[in-house]
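[1] structure here, sequence nowhere to be found:
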């Protein structure tokens, strides 16, 4: 099972003890200032003191194309997440907001586990998640699976839900 959440949501789970036994992939910004944030220090401490399972930290920005001076996700990041996930049953994937990077990594892991991208996309919620397209593309290359078609369908559903909510709020 794979769960997707924000750093703050993970911190809340750690504080109430709901994270025991869960391994964690922590997706972080490359800016050194982010590493000094107390919530990341608390997550790292929870891993050191056994309040989490194992912790993998990957560092890249939430961008979906190469930009000079920026740090986009790379195929090696996806490969490391997949290799690390091997043999682990309960994984929490978090990033700062729990919307894009973490959603994409969780989806790629589930697609790898099941071999069924259309089934794996169900780990995400169209009301919460918007998977990073670059990570999804890198995962598709790494796995040799069509991961983009289910994401396109997911995004259509997401737009439909948000448009419906928007039109209801205007009436």
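    Nice, I can see it. Just so you know, these numbers come straight off a predicted model, no measurement behind them.
[2] name the helices or strands packed onto the least confident helix or strand in the chain by mean pLDDT?
    Lowest by mean pLDDT, DSSP states H and E among the helices and strands of the chain is helix 32-35, with a mean of 73. For helix 32-35, there is no helix or strand it packs on, judged by 3 or more CB pairs under 8 Å, 6 or more residues apart in numbering; DSSP states H and E. Any C-beta I mention is one placed from the backbone N, CA and C, and that applies to glycine too.
[3] may I see the buried residues of the very next helix or strand once past it?
    Following helix 32-35 in sequence order, the next helix or strand is helix 38-48 (DSSP states H and E). Counting neighbours by 16 or more other CB atoms under 10 Å, one finds that the buried residues in helix 38-48 are 40, 42-43, 46-47.
[4] list the helices and strands helix 38-48 packs on?
    Contacting helix 38-48 under the criterion 3+ CB pairs under 8 Å, 6+ apart are the following elements: helix 7-16, strand 23-28, strand 55-59.
[5] so, low pLDDT: which residues of this structure?
    Scanning the chain for pLDDT under 70 picks out 35, 164-171.
[6] can you map out the helices along it?
    Here the chain has its helices, by DSSP state H, at 7-16, 32-35, 38-48, 75-85, 101-114, 117-120, 133-143, 148-170.
[7] closest one to residue 61 among those?
    helix 101-114 (8.5 Å; CB to CB).
[8] just to revisit the earlier point, can you list the buried residues of helix 38-48 in TSV and add distance to residue 132?
    What follows is these, written out as TSV (distance: CB to CB, whole Å):
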residue	distance to residue 132
40	20
42	25
43	21
46	25
47	24
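[9] I'd guessed residue 112 sits against residue 83; true?
    No: contact between residue 112 and residue 83 fails when scored by CB atoms under 8 Å: they sit 10.2 Å apart.
[10] so for this protein, the centremost residue is which one?
    residue 102 (1.2 Å; CA atoms, centre = their mean).
[11] isn't that one up against residue 81?
    No: judged on CB under 8 Å, residue 102 makes no contact with residue 81 at a distance of 10.4 Å.
[12] between the two, which contacts overlap?
    Counting by CB atoms under 8 Å, 6 or more residues apart in numbering, the shared contacts of residue 102 and residue 81 are 25, 93.
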